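Peer 1: Quick one, structure for this:
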Amino acid sequence: MSKFFASSRPGRTVSHGQAVFELPVLYFRDDFFCLFYTADPRKVKARMPSDRLHPVLLTSGKAMVGIAAFNYLETTIGPYGEVAVVIPAVYRSSPPPYLAPALMEARYPGFGLLVVHLPVTKTVARDAGRGEWGYTKFVANMRFTISPEFMESRLSGEVSHMLTLRVARKGFVMKDRKPLVTYSVRRNNLIRTRIPQRGLYRINIMPRGSNLVLGNHPVSDSIRGLGLAARPFLSRYYLERSAILPSGVVVERGVRTLEGYYGKECEGEHRVVYAQ
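Peer 2: Sure, this is the predicted structure:
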C-alpha cells in the first residue's frame with residue numbers, strides 16, 4: 001500500500017442496509033471526467049438546504065453546476081459506476097464575493113460541492129452512501145465508453161434515458177493534491193466530507209467536443225430546472241487518480257431535507273467499453 005493510503009488502515013467496519021464495509025473507503029484507480037456549466041443563480045440558490053450555504057457566483061453573476069462521471073475500477077468496495085450532479089458552494093454566514101474560475105477549488109474557505117443527485121450502479125453503494133453520508137444515491141444503469149478521443153457515460157433509469165456526458169480528451173495538464181469536499185444532508189444535518197485525493201488531470205476552458213445530453217426522466221428535468229447554459233465553460237478529466245473517502249462531520253443541524261430521487265429497488269448495469 002502506498003504512503004498515501006498507509007495511514008487509512010486499520011479502519012472501522014460499518015453497515016447500512018445491504019452494505020457492510022470498512023471506513024475510510026479507498027479508491028485506487030478510476031476514470032473521472034466532468035463538465036461545468038453556468039446556471040441561473042436564483043434557481044440554484046433555491047436548492048440550498050441551508051441559508052448558510054451559498055452558491056459560488058462567477059464574476060458574470062452566474063452560478064455553476066457540475067456533472068461528473070466516475071468509473072471506479074479498483075476500490076475496497078469493488079468496481080461500480082457513479083454520476084454526480086453538484087453545485088459549487090461556500091459555507092459561511094454571508095455570501096462570498098464573485099469568484100474567478102481559478103478560485104473554484106477547496107482552497108477557498110468553506111468551499112465544497114453540494115451533491116444534488118448521485119446515481120450509482122450497485123445497491124450496496126446506494127445504501128452505503130445514503131446511510132453514512134446522506135448522499136442522494138439511487139440505482140441506475142451506466143455505460144462508459146473510454147476512447148483516445150473522449151470519455152463518455154450514458155445513464156438510464158428503469159425505462160428511459162437520463163443523460164449522456166461526453167468529455168473530449170483535451171486541455172493542459174495539472175497536478176491535483178487538493179481534497180475534494182462535499183456537502184450533503186443526513187437526517188436534517190448538513191454533512192461536510194473532506195476527501196483527500198492525488199491525481200493528474202487535464203483541464204480545458206470553453207471546451208469543444210464536450211457536451212451533456214439530457215433525456216426524459218425526473219432527474220433530467222431536475223437538472224434542466226437549474227437553468228444550465230447551452231454549452232459548458234470548463235471540462236476536466238483525470239489521467240490518474242486515487243482518493244480516500246472518510247466519514248463526514250456535521251457542520252449544521254436542523255437544515256432542510258435533500259432526499260433527491262430514489263427510484264426502484266433493483267441492481268444497475270455497469271458496462272465499460274474501451275474503444276480503439
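
Peer 1: Partner strands of the helix or strand hosting residue 243, with direction?
Peer 2: Per DSSP states H and E: residue 243 is located in strand 234-245. Applying DSSP bridges, strand 234-245 is found paired with strand 25-39 (antiparallel), strand 197-205 (antiparallel).

Peer 1: Same question for whichever helix or strand comes after it: list its buried residues.
Peer 2: Going down the chain from strand 234-245, the next helix or strand is strand 249-253, by DSSP H and E. Across strand 249-253, burial judged by 16 or more other Cβ atoms under 10 Å covers 251, 252. From N, CA and C alone the C-beta is placed, and that goes for glycine too.

Peer 1: contacts for strand 249-253?
Peer 2: 50, 52, 91, 188, 189, 190, 191, 192, 193 (Cβ atoms under 8 Å, 6 or more residues apart in numbering).

Peer 1: mean confidence for the strand holding residue 243?
Peer 2: In this model, strand 234-245 has an average pLDDT of 97.

Peer 1: Mind listing what's buried along that strand?
Peer 2: Of all the residues in strand 234-245, those buried under the rule 16+ other Cβ under 10 Å are 234, 235, 236, 237, 238, 241, 242, 243, 244, 245.

Peer 1: Just to check, the first one is in contact with residue 203?
Peer 2: Yes. Assessed by Cβ atoms under 8 Å, residue 234 is found in contact with residue 203 at 7.0 Å.

Peer 1: now the helices for the stretch 151-276 of the chain?
Peer 2: All helices of the stretch 151-276 of the chain, identified by DSSP state H, counting those that start in this stretch, fall at 218-224.

Peer 1: Look up how far residue 169 lies from residue 193.
Peer 2: To residue 169, residue 193 is 29 Å away according to Cβ to Cβ, to the nearest Å.

Peer 1: sorry, back to before: just send the buried residues of strand 234-245 back as TSV, with distance to residue 12 too.
Peer 2: Formatted as TSV, the buried residues of strand 234-245 follow (distance: Cβ to Cβ, whole Å):
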residue	distance to residue 12
234	37
235	37
236	32
237	33
238	28
241	25
242	21
243	18
244	14
245	13
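
Peer 1: Can you verify residue 5 is assigned to a strand?
Peer 2: No. Read with DSSP: H, G, I helix; E, B strand; the rest coil, residue 5 is helix and lies in no strand.

Peer 1: Number of residues surrounding it?
Peer 2: Applying other Cβ atoms under 10 Å, we find 18 other residues in the vicinity of residue 5.

Peer 1: What of the one 5 residues further on?
Peer 2: Applying other Cβ under 10 Å, we find 6 other residues in the vicinity of residue 10.

Peer 1: Just the element for the most centrally placed residue in the chain, please.
Peer 2: Nearest to the geometric centre of the chain sits residue 84, at 3.5 Å (Cα atoms, centre = their mean). Residue 84 is located in strand 80-91, with elements delineated by DSSP H and E.

Peer 1: I'd like the average pLDDT over that strand.
Peer 2: 97.

Peer 1: Parallel or antiparallel, list what pairs with the helix or strand following it.
Peer 2: With elements assigned by DSSP H and E, the helix or strand that comes after strand 80-91 is strand 111-120. Paired strands of strand 111-120, with direction, are strand 80-91 (antiparallel), strand 137-139 (parallel), strand 180-186 (parallel) (DSSP bridges).
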